[in-house]
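Enquirer: Dropping a prediction and its sequence here:
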Number of protein chains: 2
Amino acid sequence: MAQQILKTAAIEKSSHLEYFNIATSVDCVLFGYEQKQLKVLVIKSDLQEFMGLWSLPGDFVRVDEDIDDASYRVLQQRTGLNDVYLEQVHAFGSVNRHPSGRVITIAYYSLIDITNHQLRLTDNELHWHPVFELSKMAFDHKLILDTCLQRLQEKVMEQPVVFNLLPGKFSLRELQDVNEAILGVELDRRNFRKRISLKNWLEDLNEMEEDVPHRPGKLYKLKDELLRHGKKELHEIS
Amino acid sequence: MAQQILKTAAIEKSSHLEYFNIATSVDCVLFGYEQKQLKVLVIKSDLQEFMGLWSLPGDFVRVDEDIDDASYRVLQQRTGLNDVYLEQVHAFGSVNRHPSGRVITIAYYSLIDITNHQLRLTDNELHWHPVFELSKMAFDHKLILDTCLQRLQEKVMEQPVVFNLLPGKFSLRELQDVNEAILGVELDRRNFRKRISLKNWLEDLNEMEEDVPHRPGKLYKLKDELLRHGKKELHEIS
DNA sequence: ATACAATATGTACTAATAACACAATAGCTC
DNA sequence: GAGCTATTGTGTTATTAGTACATATTGTAT
């Protein structure tokens, strides 16, 4: 019957110093929507090992910073935004995933209304790239992107997340286009509208599209109480 | 137009040494089922700060070890098992979650057939505790437990995971009991059986329960091709 | 005025879910 | 072994969600 030896945290830390040898980073999959395409914000890798390849924006987690805060910091740095929905998806921790040493990364995704927010283009190597036109990326970033995309696809018809990709006012056609761009399939218009109206997410603005070369559609907005911004988490809304 | 400076990984590592100051751990929520209750394997905290509180089994990730391997190592250490389904759920990284220093932890859950596998009881402070009778735990382990429980509840009726909690042969009543223990609700027997038969997960063994003080039920097993073990991942089985 | 392009809308079929009741069987007791 | 008890096994109806599919309407452009 082994007698349990109680340790203080301070003693424990000194006995485990060798484990403080792994860095932690966050990587952000920032999705946008433009010209009927789902896009993701990527940046040219600055490592010689990955020269010419795109990578996801990310950074090391600081010792005095929560991991969620680190991802908001990356988001803010790259887009100037700090009030959008950001969701943790998965941690990636293969031993050799990063050539600089042992780095475990935690992946987040977010949805950005490209057209209404200017990027902080610190250099022209940062840009919005069509998601389905990226095959090879630096590090394991293709895997990270695919994992986040899959999560987004699972959520898109179930929870009101996709509205972050759109301006405040939109037509049902625009909403359907976004959904199709994310899912990579075509949807039946009548069934789509029925599903959306069943969800009861939208408020009819009694306004019409303008300057379209055809019969204009009605404009809607997401109900205020369903807006997700900042760190607020809304769970399981139907 | 800032000129991009290419760095080698080696140069980058030396310039970021201050970030290699955060430890990474894994914590495992090992669920079991016994006496119609959902249980979780817990261990008395060995830190003075949390004296008397239960904590989840976990360990630091080693520098030369994948994070998934670390969770399998913890599982093996505590239960002697290495061929069960283990799923990553979430990373927890508040600055002050661990009194020994900055430790980010990655949570996994797994399902164990308690009755058929002896624990490696290195000391008697390790035991199976009813999940719904834990209110306060060491560190943020209550939050981790709740997060993993929620994930399990979401999956249990959709994917064939729960069979890992049961022996190889079981009756439909036993299966229903497990589901009820996980979800914390009562289910209608006829509807439950219909749903299960629709899933087509089970194989009728043409055997009967024995030594029950009532009409015996038929015994079933999970179809071989649906067994999840080791690191194999089966996705989206209906 | 006509052609065009897209909007708006409804019905019939199928699948899944939820509520609900009764006959059959094995062990146990007396 | 008669009767009691506990639990198995099974089916119908009503409701809701999902899928496939066609026609009339409205505004712009020529």
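Expert: Looks like it arrived, so ask away.
Enquirer: does A:Leu81 really touch A:Tyr72, like I thought?
Expert: No - contact between A:Leu81 and A:Tyr72 fails when scored by CB atoms under 8 Å: they sit 9.1 Å apart. Backbone N, C-alpha and C define where each C-beta goes, glycine included.
Enquirer: can you pull out the strands in chain A?
Expert: Ranges of strands in chain A, per DSSP state E, are A:23-34, A:37-44, A:54-55, A:58-60, A:86-92, A:103-112, A:126-130, A:170-171, A:202-208, A:218-222.
Enquirer: A:Leu81 and A:Tyr72: which has the busier surroundings?
Expert: Higher neighbour count among A:Leu81 and A:Tyr72: A:Tyr72, with 23 against 20, using other CB atoms under 10 Å in any protein chain shown.
Enquirer: so how far is A:Val156 from the more buried one?
Expert: Distance of A:Tyr72 to A:Val156, given as CB to CB, to the nearest Å: 22 Å.
Enquirer: residue ranges with poor pLDDT in chain A?
Expert: Along chain A, segments meeting pLDDT under 70 span A:1-20, A:120-124, A:230-238.
Enquirer: ok, now with 90
Expert: Applying pLDDT under 90 to chain A flags the ranges A:1-21, A:46-48, A:78-84, A:100-101, A:114-125, A:210-213, A:227-238.
Enquirer: which stretches of it form helices?
Expert: Applying DSSP state H to chain A gives helices spanning A:9-15, A:67-79, A:141-156, A:172-183, A:189-199.
Enquirer: So which of the ones you listed is the most surrounded?
Expert: Using mean count of other CB atoms under 10 Å in any protein chain shown, the stretch among those with the largest mean neighbour count is helix A:67-79, at a mean of 20.
Enquirer: And that one, what does it pack against?
Expert: Packing partners of helix A:67-79 (3 or more CB pairs under 8 Å, 6 or more residues apart in numbering or on different chains; DSSP states H and E): strand A:23-34, strand A:37-44, strand A:58-60, strand A:86-92, strand A:103-112.
Enquirer: repeat that with 10 Å
Expert: Where contact means 3 or more CB pairs under 10 Å, 6 or more residues apart in numbering or on different chains; DSSP states H and E, helix A:67-79 is packed against strand A:23-34, strand A:37-44, strand A:58-60, strand A:86-92, strand A:103-112, strand B:86-92.
Enquirer: next one: it to chain centre, how far?
Expert: 11 Å (CA atoms, centre = their mean, to the nearest Å).
Enquirer: what angle sits between it and strand A:23-34?
Expert: Using axes from the mean of the first three to the mean of the last three CA atoms, to 10 degrees, the direction of helix A:67-79 lies 50 degrees away from that of strand A:23-34.
Enquirer: How is chain A partitioned into domains?
Expert: A:22-156, A:167-226 (automatic domain parsing).
Enquirer: in stretch A:201-217, what's buried?
Expert: Residues of stretch A:201-217 classed as buried by neighbour count (16 or more other CB atoms under 10 Å in any protein chain shown): A:201-202, A:209.
Enquirer: repeat for stretch A:82-97
Expert: If you call a residue buried by 16+ other CB under 10 Å, then stretch A:82-97 has these buried ones: A:84-95, A:97.
Enquirer: on that earlier part again, hey, what's in contact with both of A:Leu81 and A:Tyr72?
Expert: Jointly contacting A:Leu81 and A:Tyr72 under the rule CB atoms under 10 Å, 6 or more residues apart in numbering or on different chains are A:Ser110.
Enquirer: still on that earlier bit, list just the nearest of the buried residues of stretch A:82-97 to A:Trp128.
Expert: Of all those, the one sitting nearest A:Trp128 is A:Val84; the distance, using CB to CB, is 15.4 Å.
Enquirer: That closest one contacts A:His229, correct?
Expert: Yes - with contact defined as CB atoms under 10 Å, A:Val84 reaches A:His229; the gap is 6.0 Å.
Enquirer: Overlap in contacts, those two.
Expert: Contact criterion CB under 10 Å, 6+ apart; residues shared by A:Val84 and A:His229: A:Asn164.
Enquirer: Alongside DNA strand C, which residues does chain A contribute?
Expert: Counting by CB under 7 Å from any atom of the strand, chain A comes close to DNA strand C at A:171-173, A:189-191, A:193-194, A:213-218.
Enquirer: How about chain A: which residue is closest to DNA strand D?
Expert: A:Arg215 (2.8 Å; CB to the nearest atom of the strand).
Enquirer: Next, give phi and psi for that residue.
Expert: For A:Arg215, the backbone dihedrals are phi -60, psi 120 (criterion: degrees, to the nearest 10).
Enquirer: how much space between it and A:Phe170?
Expert: Remark: distance between A:Arg215 and A:Phe170 (CB to CB) = 17 Å.
Enquirer: thinking again about what came up before, just put the residues of chain A next to DNA strand C in TSV and tack on distance to chain B.
Expert: Shown next, in TSV, are the residues of chain A next to DNA strand C (distance: CB to the nearest CB, whole Å):
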residue	distance to chain B
A:Ser171	32
A:Leu172	29
A:Arg173	30
A:Arg189	27
A:Arg190	26
A:Asn191	21
A:Arg193	27
A:Lys194	23
A:Pro213	39
A:His214	39
A:Arg215	40
A:Pro216	40
A:Gly217	35
A:Lys218	35
